[in-house]
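# Turn this into a model:
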Amino acid sequence: MYTSIMRSNESDFFVKIAHRGASAYEPENTLASFKKAIDMNADLIEFDVRCSQDSQIVVIHDKKVDRTTDGSGLVGHKTLSELKELDAGNGEEIPTLDEVLDLFRGKTRFAIEIKENGVEDKVVKQIKKHGLEEDSFVISFKPNRLKLIKYLEPSIRTGLISFSSLNFINNALNCGADAVAPFHWFISDNTVRSARENGLHLFTYVVNESVKAKELKDRGVQGIVTNKPDIL
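Modelled structure (predicted):
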């Protein structure tokens, strides 16, 4: 079911993408947040990845651990064991990409946001290790990262996130992306039409109100990123 939906060129499907899991209810980017999102019938869980000092891919948004854990300092200056000692909220650990893919394989799909250069090959290897090429989107604000993902494994779908660019459709096409995700302020009828004409899935972020989500769905957006997967 997952594969047929995400490979579809039809415009009548709509997916809920849980932003850092069900992050309105559980600590972001934790196993508890992902489990909650799945319980709320999210179609994909979205999370961020970075590299530890000892080259392990970990799930965390910021460069520093200060905001989301009880520790301080740069993620890239800490080993995996040091990161695992931190409390990411309610006693949760910082998970690794390997743990997330292993635990939730077959239960959901994955939108993996690359937050820094140099991790693309490791992300691709993990996706292929778990046989999740069909159930994974790799996403980024940086087109060069998506180009590299496509070079390493063309079958993995990619999505370009955009906030302020007025050329996000062209930028997505130029880096070979399968989807584009402008901020919801920039969704217009022209955006919807252009994405369809160019064969791009159109998602948007971050939408936490059910009325706004329905409005975007009715307009032709094919998925929303939300902290509250239960809003629809």
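# which regions of this structure lie under the pLDDT threshold?
In the predicted model of the chain, residues 1-12 satisfy pLDDT under 70.
# so where do the helices sit in it?
Taking DSSP state H, the helices of the chain run over residues 2-7, 31-39, 80-84, 97-104, 120-129, 143-152, 168-174, 189-197, 210-219.
# now, of the ones you listed, which is deepest in the fold?
Ranked by mean neighbour count, those are led by helix 31-39 with a mean of 22 (mean count of other C-beta atoms under 10 Å). Every C-beta, even on glycine, is put in place using the N, C-alpha and C of the backbone.
# the inter-axis angle of that one versus helix 97-104?
40 degrees (axes from the mean of the first three to the mean of the last three C-alpha atoms, to 10 degrees).
# Can you check the distance spanned by stretch 159-171, start to finish?
For stretch 159-171, the first-to-last residue distance is 11 Å (C-alpha to C-alpha, to the nearest Å).
# Which of the helices of the chain sits closest to P182?
Distance to P182, taken as C-beta to C-beta, is lowest for helix 168-174 among the helices of the chain, at 5.1 Å.
# still on that earlier bit, output the helices of the chain in CSV, with distance to T69 appended to each entry.
What follows is the helices of the chain, written out as CSV (distance: least, C-beta to C-beta, whole Å):
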stretch, distance to T69
helix 2-7, 32
helix 31-39, 14
helix 80-84, 8
helix 97-104, 16
helix 120-129, 22
helix 143-152, 25
helix 168-174, 32
helix 189-197, 37
helix 210-219, 30
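# between the ones you listed, which gets nearest to I161?
helix 168-174 (8.7 Å).
# The lengthiest strand in the chain pairs with which strands, parallel or anti?
Ranked by residue count, the top strand of the chain under DSSP state E comes out as strand 44-51. Neighbouring strands of strand 44-51 in its sheet, by DSSP bridges, are strand 15-19 (parallel), strand 57-59 (antiparallel), strand 109-114 (parallel).
# Kindly export the last one (C-alpha atoms) in PDB.
Output in PDB follows, covering the C-alpha atoms of strand 109-114 (Å, rounded to 0.1, in the frame of the first residue of the first chain):
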ATOM      1  CA  ARG A 109       7.400   5.300   5.900                       C
ATOM      2  CA  PHE A 110      10.200   7.700   6.500                       C
ATOM      3  CA  ALA A 111      11.000  11.300   5.500                       C
ATOM      4  CA  ILE A 112      14.700  11.700   6.500                       C
ATOM      5  CA  GLU A 113      16.000  15.300   6.500                       C
ATOM      6  CA  ILE A 114      19.700  15.700   6.000                       C
END
